[in-house]
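Visitor: Build me a model:
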Amino acid sequence: MKFIGIDISKSSFVVAYPELTGFKTAEFVNDVKGIKKFISSFSHTEYHCVMEATGNYSTLLLYMLCKEQIATSLINPKQTKHFARMMMATIKTDRVDAKLIAMYGEKMKPEIYKMPTEDIIVLKQKRVVLRQLKKQLTALKNLKESFDALPTTDRKSLSVLSKTTTFLKKQIALVEADLCSIVKESYQAQMKSLTSIPGIGITIASALIITTGGFSQLENAKQVSRYIGLCPTYQQSGTSIKIRGAINRNGDSEIRSLLYIASWSAIRYNEPCKEFYERLKAKGKPSKLALIAVANKLLRQAFAVYKSGDVYCNEHLGQGSRYSDRSLSPKAF
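Guide: Reported below is the predicted structural model:
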């Protein structure tokens with residue numbers, strides 16, 4: 001299998017085809033016509049396409065490649081950045097980046113990407129819109145509060161802020177209702193499994209399904225933890241460096257925040273999480289660190305019940321069951 005590297009921008013993308021003496025590059029327009037032209041330029045059975053995750057700019061190309069059943073991998077830009085450093089690259093252009101991505105594919109053999117369902121694609125867009133609307137609402141509230149502190153306030157300005165705030169609240173309510181409706185209709189069984197876990201409600205369950213694409217890209221609990229960014233880091237070198245660092249913070253920060261808040265409830269009503277928290281505290285761990293560990297455990301419980309399709313039950317948490325988590329020991333945090 002030969003690897004084609006693709007460097008994507010808003011209006012175009014550069015492709016690096018492997019050859020005997022190096023790479024041949026070409027540029028295509030980043031639209032339906034340009035992508036079709038690119039797809040017709042190589043044998044689908046002999047080549048494996050590799051591209052960086054660049055948000056919406058890469059989605060159309062990724063979608064059309066997957067639709068044609070062309071082996072395609074989507075990689076984190078950090079991976080190619082570190083790979084370029086390893087190769088001691090001193091020049092950065094679109095063509096050089098495309099070559100480096102192709103070389104990365106050849107050396108690292110990344111996994112083939114699985115395109116999420118249409119529902120997940122729509123839900124992700126709604127979640128992005130919802131997040132931006134909430135940010136705007138918070139900004140306007142803060143602005144209004146700053147005006148209230150002034151000795152003289154402009155009534156017209158306050159009226160505009162008040163009307164815009166009311167409008168944003170209505171739009172947020174509409175998007176939230178629409179999002180919840182789609183999730184409940186398309187993922188009814190999965191929502192039932194996730195919300196059966198003490199500490200996980202509809203909001204977190206919906207966010208987990210949308211962010212992970214229904215855990216379709218993830219095979220085990222460790223991958224889930226690493227993908228969300230709750231996996232603890234560790235550094236060791238010789239006898240002088242042994243550092244148990246912070247969590248890796250990859251992935252969606254909003255999910256991590258929601259899981260952290262959920263851990264407050266979990267240490268009261270979720271027996272395994274409660275026992276785990278108390279065990280960490282007994283070993284002298286700080287409360288925040290212990291709560292992050294509980295959030296990690298909640299995430300692993302969510303993956304277990306989602307994959308099994310079962311409803312959460314404390315009786316299933318015996319040693320060696322699919323819910324037990326030996327790797328999540330106090331030493332990891």
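
Visitor: how about low-confidence regions in this structure?
Guide: Scanning the chain for pLDDT under 70 picks out 240-243, 245, 314-333.

Visitor: Can you pull up the most central residue in it?
Guide: Residue closest to the average C-alpha location in the chain (C-alpha atoms, centre = their mean): residue 251, at 4.0 Å.

Visitor: My read is that it contacts residue 211, right?
Guide: Yes. Residue 251 lies in contact with residue 211 (C-beta atoms under 8 Å); the separation is 7.5 Å. The way it works is simple: take the backbone N, C-alpha and C, and place the C-beta from them, glycine included.

Visitor: tell me the strands in the stretch 201-333 of the chain, going along the chain?
Guide: Listed in chain order, the strands of the stretch 201-333 of the chain (DSSP state E, counting those that start in this stretch) span residues 232-237, 241-247.

Visitor: Overlap of the contact sets of residue 251 and residue 211?
Guide: With contacts defined as C-beta atoms under 8 Å, 6 or more residues apart in numbering, the residues shared by residue 251 and residue 211 are residue 228.

Visitor: where along the stretch 51-200 of the chain do the strands fall?
Guide: Taking DSSP E, counting those that start in this stretch as the criterion, the stretch 51-200 of the chain contains strands spanning 72-75.

Visitor: As a check, name the ranges of all helices in the stretch 1-150 of the chain.
Guide: Shown for the stretch 1-150 of the chain, the helices assigned by DSSP state H, counting those that start in this stretch span residues 32-39, 56-67, 77-86, 94-108, 118-148.

Visitor: Burial-wise, tell me which of those comes out on top.
Guide: Across those, the average number of neighbours (mean count of other C-beta atoms under 10 Å) peaks for helix 94-108, which reaches a mean of 21.

Visitor: elements contacting it?
Guide: strand 2-8, strand 12-19, strand 22-29, strand 47-52, strand 72-75, helix 77-86 (3 or more C-beta pairs under 8 Å, 6 or more residues apart in numbering; DSSP states H and E).

Visitor: Take these and write them to TSV, including distance to residue 134.
Guide: Shown next, in TSV, are those (distance: least, C-beta to C-beta, whole Å):
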stretch	distance to residue 134
strand 2-8	29
strand 12-19	32
strand 22-29	35
strand 47-52	28
strand 72-75	27
helix 77-86	26
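
Visitor: Of those, give the one that comes closest to residue 215.
Guide: When those are ranked by distance to residue 215, counting by C-beta to C-beta, first place goes to strand 72-75 at 16.4 Å.

Visitor: contacting residues around that closest one?
Guide: Outside of strand 72-75, the residues that reach it under the criterion C-beta under 8 Å, 6+ apart are 48-53, 58, 62, 65-66, 101, 104-105, 110-113.

Visitor: And for stretch 154-172?
Guide: 130, 133, 134, 136, 137, 140, 141, 143, 144, 147.

Visitor: ditto for stretch 35-54
Guide: Outside of stretch 35-54, the residues that reach it under the criterion C-beta under 8 Å, 6+ apart are 1-9, 13, 15, 17, 26, 28, 58, 60-62, 64-65, 68-77, 80, 101-102, 104-105, 110, 112.

Visitor: Give me the buried stretch members for that stretch, please.
Guide: Across stretch 35-54, burial judged by 16 or more other C-beta atoms under 10 Å covers 35, 38, 39, 47, 48, 49, 50, 51, 52, 53, 54.
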